[in-house]
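Colleague: Turn this into a structure:
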Amino acid sequence: MKKMMLLFACSLGMTAYTQAQVKFAPVVGANLSNSAVKLLDDKADTKMKPGFHVGALVSLPLTNNLALLPGVMFSTKGYKTEDEVLGVKTTSNIGLNYVEVPVNVAFMTGTEETGRFMVHAGPYVGYALSGKSKTKIGSVEKEEDIEIGNDEKKDMLKPLEIGANVGVGYQLPIGLFARVDYHHGFNNILVGGDDKNSFANRNFMLTFGYFIGGR
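Modeller: Okay, here's the model as predicted:
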């Protein structure tokens, strides 16, 4: 009986310890996105496009210095192009809206009382919700929806994106943290794409957040 009570007490202690370490963090930040676009084996001269992201992370401790960081966020991506033909300036702006689920493993130095430097990496899965294409030729502007789906007859971009990200950050003792990430899409999301026709997202992210709980 005493052994059972001791085991029960230890189990409660371990459960309380685990729950105390699990932390939740709302996050928000800025994006600088671009895309690797190739049409008929010709690489497009794309430029970075500013955007934003918002979401939440959960920190699940593995050891004192390792944690699993799954999350979910809304993130904007895309790119811009600029050209001039016969003195007429042409610009295009491709904007894409994604829901992303990253799952990172983070290595952290120090302690929460002194501040922690963080390095993290892992895969992510993204799903495109919508997109718009804005083109301006001289003074004439045109805006169109980008069709998202897997139908080669009517859609332009596939909804599913698979990639990886890596980043560094720093957490203050009060729970506030900032980090910089780079997201690299692996799959060709151009519907009907091949080796000569492809579209893949790239994204730099500056994130600010605040860990709640587990202190």
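
Colleague: contacts and neighbour counts: CA atoms only from here.
Modeller: OK.

Colleague: What residues are bridge-paired with residue 205?
Modeller: In this entry, residue 205 is beta-bridged to residue 31, residue 181, by DSSP bridges.

Colleague: for it, what are its contacts?
Modeller: 29-32, 180-183 (Cα atoms under 8 Å, 6 or more residues apart in numbering).

Colleague: ditto for residue 175
Modeller: Applying Cα under 8 Å, 6+ apart, the residues near residue 175 are 112, 210-212.

Colleague: from the contacts of residue 205, which is closest to residue 153?
Modeller: When those are compared for distance to residue 153 (Cα to Cα), residue 183 comes out closest, at 29.7 Å.

Colleague: Would you confirm that the closest one contacts residue 161?
Modeller: No - the pair residue 183 / residue 161 is not scored as a contact, 11.1 Å apart, by Cα atoms under 8 Å.

Colleague: and stretch 34-45, C-alpha only, in PDB?
Modeller: Output for stretch 34-45, consisting of C-alpha atoms alone and laid out as PDB, is shown next (Å, rounded to 0.1, in the frame of the first residue of the first chain):
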ATOM      1  CA  ASN A  34      10.100  35.700 -52.700                       C
ATOM      2  CA  SER A  35       9.600  32.900 -55.100                       C
ATOM      3  CA  ALA A  36      11.800  30.800 -57.300                       C
ATOM      4  CA  VAL A  37       9.900  30.900 -60.600                       C
ATOM      5  CA  LYS A  38      11.000  29.200 -63.800                       C
ATOM      6  CA  LEU A  39       9.000  29.300 -67.100                       C
ATOM      7  CA  LEU A  40      10.200  27.400 -70.200                       C
ATOM      8  CA  ASP A  41      13.500  26.900 -68.300                       C
ATOM      9  CA  ASP A  42      14.000  30.600 -67.900                       C
ATOM     10  CA  LYS A  43      14.300  31.900 -64.400                       C
ATOM     11  CA  ALA A  44      12.200  34.900 -63.600                       C
ATOM     12  CA  ASP A  45      13.800  38.000 -62.100                       C
END
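
Colleague: neighbouring contacts of that stretch?
Modeller: 46-49, 77-81, 195-203.

Colleague: circling back: so which pair among the contacts of residue 205 is furthest apart in space?
Modeller: Of all pairs drawn from those, the greatest distance, 14.0 Å, lies between 29 and 183 (Cα to Cα).

Colleague: From residue 137, how far out is residue 189?
Modeller: When Cα to Cα, to the nearest Å is the yardstick, residue 189 and residue 137 sit 27 Å from each other.
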